[in-house]
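S.K.: Provided below are the primary sequence and the corresponding predicted coordinates.
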Amino acid sequence: MRHTRIYRAVGICWVVLTLAALVYATRLALVVAPTEATMGNVQRIFYYHVPTSMLSLLFPYVNFVASVFYLGWRRRDPLRAMAADAVAISAAEVTVVFSSLSLLTGMLWGRAAWGIWWTWDARLTSMLLLWLLYVSYLMLRKLSATGQTQTLAAVLSVFAAIDVPIVFMSIRWWRTQHPAPVFFGGQDSGIDPSMMPAFGWNVLGWAMWGVFLLAFRYALERRRQEREQEAALKSIEGSLEIAQ
Amino acid sequence: MSRVMSELRNDLRGLRRYFGHVWCHLRKDLRLEWRSRDSVVGMLFFALLVVIIFSLAFDPTAAVSREIAGGILWVALLFASFTALNQSWTREQRNRVLDAQRMSPAPASALFLGKALANLIFVALIEVVLSPLFIVFYNLHALGEGWMLAIVMPLGTWALVCNGTFFAAMSLRTRNRELLLPLIMVPISIPALLGMMQATTAILTGESDPAIWIRLLVAYNIAFTTVCLLLFETVLSAE
């Protein structure tokens, strides 16, 4: 009981800090950061598009690692395995949220900068496929029979992890309108130092928000698991009573 | 030296036993299909319908059909294979055969490999029958090197069938089996689908080199065949 109270206090502090970071980041992005030379104010969506895209590439790793742990612990340590599975489903849902945000902000930006909502360019297609993979993961979890959902989902996550590099390669060969990577993309890449704080704070703020979503969803899933176990236990007890 | 040789002999014996199991499963599936001919006939007619509907929808000229035929052929085969893949595991559920398979000491991956090979043979049969019809309906003749289709077709078919058999086994005990299989199989298979469609189009139009796509298909097949073999046991006994 004591632990719950500590977790709740940490959670509330985290939410407050996240909101503060996001408010500050929004001010930096929309007011403080200089207007970009060619695109004007339209470029400001960069501060949302790039951080959400970065994070949507990060959470799949969490999902994959948790799934591998689930498969490893499944027989040996079922209780830990359930915790790993709760992390896996939370990470998958957060991935879908961030990649949806990335696709939506990208479409808005594309419409303003290129004049089109969508093009089958390498990066756009890869992100769409990543989104499709994780939506299919959630569909599997929704449709599969109880009792084997976790194992099947973990297996699908391993498949998705192997698929992602192949997807990136194949799409690159297929299409190569999206600008070259802004960071680490050679000599002329990078942004003006005056834009850096706005970008950095947005990455931090959205990352904190993502971690919050992950933790909140995890706690929710754990409660659901506990309730399920209690119900199972009760039904076993009930059947024993009848037998006597 | 003699120890190494005897170990090698043991390994060979183990391998032979493994492929004995695979052959046993394969023969069983072929015999079952031979007696009913359900999935092959169903698949063939379904693929034919898809080809005809696309032909009606686009009404292509010879030049256009070269551009789109590769895509249509694989879409038709993909849709058709869903029908057969689901059936191939439903057979095992009758009389609770699947539970017996689970308890048998034979390696689970042998069951998977046998069934995947059987499905490969079924889909290959469809291709053999469908290709002439395809050429007739779409007035096709390849401008590139047509013999390369002999490499692309088996590689593409295996990519569809290997993952398809695996995912069909995954969706076997779910509420909406027919719905779930395409939902999980298509997103994973997109790089392979892209590879086979691009390679086929490259061969038919002769405008680009299909080699890179063939390499992609080879890499995809190696990676996913390995994972399927390794994880099948987990899926079979998932409960």
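M.R.: Yep, that arrived. Numbering: from 1, shown residues only, chains lettered A, B, ... in the order given.
S.K.: please see if the helix or strand containing A:Ala231 touches chain B.
M.R.: Using DSSP states H and E, the element containing A:Ala231 is helix A:196-243. No: if you take C-beta under 8 Å from any C-beta of the partner chain as the test, helix A:196-243 misses chain B, and the best it gets is 14.1 Å. Where you see a C-beta, it was placed from the backbone N, CA and C, and this is true even at glycine.
S.K.: okay, the spatially most central residue of chain B: pLDDT?
M.R.: For chain B, the residue nearest the mean C-alpha position is B:Val161 (1.9 Å; C-alpha atoms, centre = their mean). Note for B:Val161: predicted pLDDT of 94.
S.K.: quick check, it in a strand?
M.R.: No: going by DSSP: H, G, I helix; E, B strand; the rest coil, the assignment for B:Val161 is helix, not a strand.
S.K.: residues touching it, list them.
M.R.: B:Val161 sits next to B:81, B:85, B:116, B:119-120, B:123 when contact means C-beta atoms under 8 Å, 6 or more residues apart in numbering or on different chains.
S.K.: next: B:Ala202.
M.R.: Shown in contact with B:Ala202 (C-beta under 8 Å, 6+ apart): B:144, B:208-210, B:213.
S.K.: and it, what helix or strand is that in?
M.R.: Assigned by DSSP H and E, B:Ala202 falls within helix B:177-205.
S.K.: show the pLDDT at residue 114.
M.R.: Here I'm looking at chain A. Here, the pLDDT recorded for A:Trp114 equals 82.
S.K.: my question was about chain B
M.R.: For B:Gly114, the predicted pLDDT is 93.
S.K.: how far away is the nearest residue to it once chain neighbours are set aside from B:Phe166?
M.R.: If you skip the residues right next to it in sequence, B:Gly114 has B:His25 as its closest partner in space, 2.6 Å away by C-beta to C-beta, 6 or more residues apart in numbering or on different chains. Counting by C-beta to C-beta, to the nearest Å, the gap from B:His25 to B:Phe166 is 15 Å.
S.K.: between the two, which is the more surrounded one?
M.R.: Each of B:His25 and B:Phe166 has its neighbours counted (other C-beta atoms under 10 Å in any protein chain shown); B:Phe166 has more, 26 against 20.
S.K.: phi and psi next, for A:Gly40.
M.R.: Backbone torsions of A:Gly40, given as degrees, to the nearest 10, read phi 70, psi -150.
S.K.: check the burial of it by counting its neighbours.
M.R.: Other residues close to A:Gly40 by other C-beta under 10 Å number 10.
S.K.: check the gap between it and chain B for me.
M.R.: In this view, A:Gly40 and chain B are 37 Å apart by C-beta to the nearest C-beta, to the nearest Å.
S.K.: so the residue nearest to B:Gly114 makes contact with B:Lys115?
M.R.: Yes: between B:His25 and B:Lys115 there is a contact at 6.3 Å, judged by C-beta atoms under 8 Å.
S.K.: what about the helices in the chain?
M.R.: Let's take chain A. Using DSSP state H, the helices of chain A run over A:2-27, A:46-73, A:78-113, A:122-143, A:149-174, A:196-243.
S.K.: to clarify, I was referring to chain B.
M.R.: With helices called from DSSP H, chain B shows them at B:2-36, B:38-58, B:62-93, B:97-103, B:108-138, B:149-170, B:177-205, B:211-236.
S.K.: chain center to the fourth one: distance?
M.R.: So that's helix B:97-103. 23 Å (C-alpha atoms, centre = their mean, to the nearest Å).
S.K.: who are the packing partners of it?
M.R.: Applying 3 or more C-beta pairs under 8 Å, 6 or more residues apart in numbering or on different chains; DSSP states H and E, we find helix B:97-103 packed against helix B:62-93, helix B:108-138.
S.K.: repeat that for 10 Å
M.R.: Applying 3 or more C-beta pairs under 10 Å, 6 or more residues apart in numbering or on different chains; DSSP states H and E, one finds that helix B:97-103 makes contact with helix B:62-93, helix B:108-138, helix B:211-236.
S.K.: what does the last one give?
M.R.: Under the contact definition 3+ C-beta pairs under 10 Å, 6+ apart, helix B:211-236 sits against helix A:149-174, helix B:97-103, helix B:108-138, helix B:149-170, helix B:177-205.
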